[in-house]
Every structure is written in C-alpha cells, then in structure tokens.
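S.K.: turn this into a structure:
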Amino acid sequence: MQLAGSLRTTADDRILEIFRERGNLTPAPVEEFGGPSSSHASRSCKKFARHGLLEQIVTGLYTITDEGKAYLDDEFDASELDPLEDSK
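M.R.: Numbering: from 1, shown residues only. All right, here's what the predicted structure looks like:
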C-alpha cells in the first residue's frame, strides 16, 4: 500500500498532531481542537490504526504511537507500510 499518498494530507496530519498534543482521544473532540470533522477523523483514525500510526486502546479510543510521531516529524517513511494483521 502506498501509505504516503493515501494518508499525507493536511487534514490527516492535523489529526495526528492533535493526538500528539492532547493524548488519548476519541475522534469526536478532534474537530473541537481545530481538526477536520469528527466523521473524517473517525475514518482516518481507523486507517491510522490499521497502519500502526495510532493504537486503538479500547473501541473508539486512540493514542498516537512512536511510529505516528516519527511520521509527523518526517523521520519515518510510511510509504510502504502494510496494514497490521491484528488491528482492531
């Protein structure tokens, strides 16, 4: 999967930045913190979790991973990541 092409948007970067700044969140407050709509955030969180950039703690609650932080800092090349097999 070409992760960089399908994920590297300003809106999706903002979602990851909000998780880095705020900690564990559900997608709903992302919009309140200056991110895209909660429906967009929900779809993106699921996509990020499938690729290891976010981790789903419990249903609907996510946290950013070290890979997600490195991705934001352009220290991690996510262009060839495959979806995780055991993602929730």
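
S.K.: where exactly do the strands run in this protein?
M.R.: Listed in chain order, the strands found in the chain under DSSP state E are 54-58, 61-64.

S.K.: can you lay out those strands as CSV showing mean neighbour count and distance to Arg14?
M.R.: Any C-beta I mention is one placed from the backbone N, CA and C, and that applies to glycine too. Shown next, in CSV, are the strands of the chain (neighbours: other Cβ atoms under 10 Å; distance: least, Cβ to Cβ, whole Å):
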stretch, mean neighbour count, distance to Arg14
strand 54-58, 16, 14
strand 61-64, 19, 13
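
S.K.: out of those strands, nearest to Glu32?
M.R.: With distances scored as Cβ to Cβ, the stretch of these nearest to Glu32 is strand 61-64 (15.5 Å).

S.K.: which secondary structure elements does the closest one contact?
M.R.: On a contact count with 3 or more Cβ pairs under 8 Å, 6 or more residues apart in numbering; DSSP states H and E, strand 61-64 meets helix 10-22, helix 38-50, strand 54-58.

S.K.: mind running it again at 6 Å?
M.R.: On a contact count with 3 or more Cβ pairs under 6 Å, 6 or more residues apart in numbering; DSSP states H and E, strand 61-64 meets strand 54-58.

S.K.: give me the contacts around the strand it packs on.
M.R.: Strand 54-58 has contacts (Cβ atoms under 6 Å, 6 or more residues apart in numbering) with 45, 48-49, 62-65, 68, 88.

S.K.: one more time with 7 Å, if that's ok
M.R.: Residues from elsewhere that reach strand 54-58 (Cβ atoms under 7 Å, 6 or more residues apart in numbering): 19, 24, 45, 48-49, 62-65, 68, 88.

S.K.: what pairs with it, parallel or antiparallel?
M.R.: strand 61-64 (antiparallel) (DSSP bridges).

S.K.: send the alpha carbons of the strand it pairs with over as CSV?
M.R.: The C-alpha trace of strand 61-64 is given here as CSV (Å, rounded to 0.1, in the frame of the first residue of the first chain):
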residue,chain,number,x,y,z
LEU,A,61,-10.3,5.5,21.9
TYR,A,62,-6.9,6.0,20.3
THR,A,63,-3.4,7.1,21.2
ILE,A,64,-0.5,8.0,18.9
